[in-house]
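In: Kindly generate the corresponding structure for this input.
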Amino acid sequence: MADNVRAIMEEMIPEIEDLEKRGYFSKSEIRQIVKKRTDFEYSLKRRAAVKADYLRYVQYESRLEELRKLRKDAMGLEGKRSLADHAMTRRIHFIYQRATQKFRGDMRLWSSWLQFCKDSNSSRKLSQVVTKALQLHPREASLWIHASAWEFEHNRNAGAARALMQRGLRMCPGSADLWAEYFRMELLYAHILRTRRKILGIASSGGPEGEGEGEAPSGEESEAAVRMVLDGAVAMVVFKQAAAELPKEVAVRKRFLDILSGFTFPGAASINEAIYASLEADFPTDPEAWDLRARRWLTEHPPEQPSASTSFPEEAAIATYERGLAATQGEQMYDLYRAFLTEQLDELGPAGGNSDAPLPKLKGRPKQLAKALLEVCERAVADGRASEALLLEWPRLALRFGRVKKALETAACACQSRPGSAPLWQQRLLLEAQQASAQGSAATGENVQALALEAVKSIPGCEAAELWIVAFRTLASLSLPLDNLVQELVRTLSGTAKGPLRGGMGEAAAVAVQAVRDRAGLSAARQLYQQLLKIPPAGGSLMHAVLDLELEASSAQEALSGAKLDRVFEAAVDAFGTQDEDLWLKYMQSRIRRGKSVGDLHWRASKTLQNADTFTQKYQDLQVAD
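Out: Take a look at the predicted model:
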């Protein structure tokens, strides 16, 4: 291994000497470069060398080359390039070559090398790298795209680029990326031909130039062929072949539409129409296809003109969505319909008035769209096709249009529709709490208490941590009794396993303890956490909340005795002492404040924790801070 490294380093001598001779680096800098390269070379020769070793080496050489270029510009050196001007680029290629030999299956490594070839204008090397990569990975679509793009953009050889695309499609027949890029390339080629003819003043004669595929036909036949190419006939063929190859891909059709939208030429309309026709023929029951067809009205006018009753493009789109609802099943069509209406209302809001104003103040198009939006939500619920996202949006829309009572009704309806959804119960509880805060009546407060209890009972504890947190904070903010909710929490946690180190029901229990502390005092909070400590630990968040509660009371008359406080800490480290170094640190802080030794705790923590190094570092930082 040492001999190999020595041989590689000896090969560097001429370039090193030239770097110093040209004045790019001083002698001391040269010594540092040699040492750094030697270290890198030895790291690559290790049996356990990893990809990161190669990438760090590449990064170092790249930065070194950037520095050399900057110094060359500053020195104003011109004239014939010397060995120093290309040696580092050659070395980076050498590093990539060895890396790809060791990690042949790593496509990111190949892509990184190809990108470096482009950035460094290494045309010949790029061709070699692409060829080698395709030999090893003939079914990797991105490589075929890369090779074809290079031929088309750099070598200006459309024929070779087209041949590579076709070979790639034979090797990767189901690649949507290849089909899309092939389509884009043919559109670009036609655009280049049109631009060239315009510059040359060729109006109606001549054949396609630049393909390198032999002589073009002559006369009328030649002009007809040229006109077809200029009008995107080849791109049309590519699309039809892609549609036949990928018959179930709506996303591919959308991708073709997005690509086509960037081009304007006489034949674009016919290609566009063909794509939409395929959506209608191949996807009669697909919601995404109907969404694309509906949104078409906003950007263009399809051949079939809207009727007299649909004077706005939005109305024509709405009519298409209505047909889509009848033709499809499931929730997605309603979600897409709602999203469309929401977008249109947001766009029209500033022009037609304040979009967040109550509904009666909306006029014209915004008012019509607002009504349609609420009706769509109601119909989705009635049809049993309302998603959770739609049910969450429904009350928000009612509030946005100033219908508070309607928002409460829709939130209740949403919970009835999906009683197992924690976000829906959470939304309803917050809306009811806002109403109770505004009215301030005892009856409304009792309704909120009952609703909070109903909500947490409807969802399994492991899925409802956030709902529990909202419930406790809501009741506490309204100064409502917590007893029933506390009893339900204890009952729920009694039948569960040990909770996570952070978050989950442990955080919900922590919020409950704090809420009881704020509402009923420290004594009531202690009663609650003592109950919770007798059952499986709800989580590390609860332990921290309990300890913080007692540490805050350490200087007050209500403070626990040292023995009782130690029992609380022992319960915490017994439950989570193997994972949480912060519990041990709090335990030690408590002992230090009471003037006690912590040597035994430090030893126990070091033996118990899975990551004792982190604990040791934190303990040292704590000593420095003290």
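In: and the next element down the chain from the strand or helix carrying residue 416?
Out: In this assignment (DSSP states H and E), residue 416 forms part of helix 404-417. The helix or strand immediately downstream of helix 404-417 is helix 422-439, counting by DSSP H and E.
In: relative to helix 404-417, how tilted is the next helix or strand after that following helix?
Out: Where DSSP H and E defines the elements, the next helix or strand beyond helix 422-439 is helix 442-458. Interaxial angle of helix 442-458 relative to helix 404-417 (axes from the mean of the first three to the mean of the last three C-alpha atoms, to 10 degrees): 30 degrees.
In: In the helix holding residue 416, which of the residues would be classed as buried?
Out: Neighbour-count burial for helix 404-417 flags 406-408, 410-415, 417 (criterion: 16 or more other C-beta atoms under 10 Å). C-beta: built from backbone N, CA, C; applies to glycine.
In: What of stretch 253-266?
Out: Residues 253-257, 259-260, 263 are the ones in stretch 253-266 that count as buried (16+ other C-beta under 10 Å).
In: same thing with stretch 182-193?
Out: So, applying 16+ other C-beta under 10 Å, buried residues of stretch 182-193: 182-193.
In: likewise stretch 11-21?
Out: Residues of stretch 11-21 classed as buried under the neighbour-count rule (16+ other C-beta under 10 Å) are 12, 15-16, 19-20.
In: Next: stretch 164-178.
Out: The neighbour-count check on stretch 164-178 (16+ other C-beta under 10 Å) flags 164-165, 168-169, 171-172, 175-176, 178 as buried.
In: now, which of those residues sits nearest residue 315?
Out: residue 176 (33.8 Å; C-beta to C-beta).
In: which ones are touching the closest one?
Out: Residues in contact with residue 176 (C-beta atoms under 8 Å, 6 or more residues apart in numbering) are 242, 246, 249, 251-252, 255.
In: picking that back up, give me the angle between the helix holding residue 416 and helix 422-439.
Out: 150 degrees.
In: returning to that earlier point: so which of the buried residues of stretch 11-21 would you say is closest to residue 504?
Out: Each of those was checked against residue 504 using C-beta to C-beta; the closest is residue 12, at 57.4 Å.
In: Figure out the helix or strand that the nearest residue to residue 479 once chain neighbours are set aside lives in.
Out: Residue nearest to residue 479 in three dimensions, not counting chain neighbours: residue 519, with 7.5 Å by C-beta to C-beta, 6 or more residues apart in numbering. Taking DSSP H and E as the criterion, residue 519 maps to helix 504-520.
In: Could you give the average pLDDT over that helix?
Out: If you average the pLDDT over helix 504-520, you get 92.
In: Let me see the backbone angles for residue 47.
Out: Note on residue 47: backbone dihedrals following degrees, to the nearest 10 are phi -70, psi -30.
In: How much space separates residue 465 from residue 496?
Out: 11 Å (C-beta to C-beta, to the nearest Å).
In: Quickly list what's touching both of these two.
Out: Common neighbours of residue 465 and residue 496 (C-beta under 8 Å, 6+ apart) are residue 505.
In: The two: who's more crowded?
Out: Set residue 465 next to residue 496 and count neighbours by other C-beta atoms under 10 Å: residue 465 wins out with 24 against 16.
In: need the contact list for that one.
Out: Applying C-beta under 8 Å, 6+ apart, one finds that residue 465 lies in contact with 503-505, 507-508.
In: Which of the contacts of residue 176 sits closest to residue 386?
Out: Of all those, residue 251 has the smallest distance to residue 386: 24.9 Å, by C-beta to C-beta.
In: From residue 224, how far off is residue 130?
Out: Taking C-beta to C-beta as the measure, residue 130 falls 36 Å from residue 224.
In: what about those two, which has more around it?
Out: Neighbours were tallied for residue 130 and for residue 224 using other C-beta under 10 Å; the higher tally belongs to residue 130 (22 against 11).
In: so where is the stretch 401-550 of the chain shaky, pLDDT-wise?
Out: For the stretch 401-550 of the chain, applying pLDDT under 70 flags the ranges 441-442.
In: again with the stretch 1-150 of the chain
Out: Applying pLDDT under 70 to the stretch 1-150 of the chain flags the ranges 1-3, 79-80.
In: ok, now the stretch 151-300 of the chain?
Out: If you take pLDDT under 70 as the line, the stretch 151-300 of the chain has these spans: 203-221.
In: Among the buried residues of stretch 182-193, which one lies nearest to residue 151?
Out: Comparing those against residue 151 with C-beta to C-beta places residue 185 closest, at 9.8 Å.
In: so what's the closest one closest to, chain neighbours aside?
Out: residue 152 (5.9 Å).
In: Count residues in the vicinity of the one you found, would you?
Out: Residues near residue 152, counting by other C-beta under 10 Å: 22.
In: surely it meets residue 159?
Out: No: between residue 152 and residue 159 there is no contact under C-beta atoms under 8 Å: 9.7 Å.
In: Now do the same for residue 306: its pLDDT.
Out: Confidence at residue 306, expressed as pLDDT, is 49.
In: What of the one 5 residues further on?
Out: As predicted, residue 311 sits at a pLDDT of 57.
In: any idea how far residue 619 lies from residue 594?
Out: According to C-beta to C-beta, residue 619 stands 18 Å off from residue 594.
In: So for the two, which sits in the more crowded spot?
Out: A direct count of neighbours by other C-beta under 10 Å for residue 619 and residue 594 places residue 619 higher, at 18 against 11.
In: any idea which element that one lies in?
Out: For residue 619, the host element (DSSP H and E) is helix 612-625.
In: which helices and strands sit right next to that helix?
Out: helix 581-593, helix 599-608 (3 or more C-beta pairs under 8 Å, 6 or more residues apart in numbering; DSSP states H and E).
In: quick one: contacts of it?
Out: With C-beta under 8 Å, 6+ apart as the test, helix 612-625 has contacts from 581-582, 584-585, 588-589, 602, 605-606, 609.
In: Report the contact partners of residue 184.
Out: For residue 184, the contact set (C-beta under 8 Å, 6+ apart) comprises residue 259.
In: distance of it from residue 100?
Out: Distance from residue 184 to residue 100, by C-beta to C-beta: 28 Å.
In: Residue 455 is in contact with residue 471, correct?
Out: Yes: between residue 471 and residue 455 there is a contact at 6.4 Å, judged by C-beta under 8 Å.
In: Among the contacts of residue 465, which one lies nearest to residue 550?
Out: Using C-beta to C-beta, residue 507 is the member of those that lies nearest residue 550, at 18.4 Å.
In: you'd agree the closest one is up against residue 470?
Out: No: at 11.8 Å, residue 507 does not count as touching residue 470 under the criterion of C-beta under 8 Å.
In: Now residue 233. Nearest residue, chain neighbours left out?
Out: Leaving out its chain neighbours, the residue that sits closest to residue 233 by C-beta to C-beta, 6+ apart is residue 267, at 7.0 Å.
In: neighbours of the one you found, just the number please.
Out: Neighbours around residue 267, by other C-beta under 10 Å: 19.
In: Show the contacting residues for it.
Out: By C-beta under 8 Å, 6+ apart, the contact list for residue 267 reads 230-233, 236.
In: The helix or strand where residue 380 lies packs against which elements?
Out: In the assignment (DSSP H and E), residue 380 maps to helix 364-382. Packed against helix 364-382 by the contact rule (3+ C-beta pairs under 8 Å, 6+ apart) you find helix 313-327, helix 332-352, helix 388-400, helix 404-417.
In: right, and those helices - which one's nearest residue 104?
Out: Closest to residue 104 of the helices and strands packed on helix 364-382, according to C-beta to C-beta: helix 332-352, at 42.1 Å.
In: mean confidence for the closest one?
Out: Summarised as a single mean, pLDDT over helix 332-352 is 82.
In: quick check, distance from stretch 399-419 to the centre of its chain.
Out: On the basis of C-alpha atoms, centre = their mean, to the nearest Å, stretch 399-419 sits 31 Å off its chain's mean C-alpha point.
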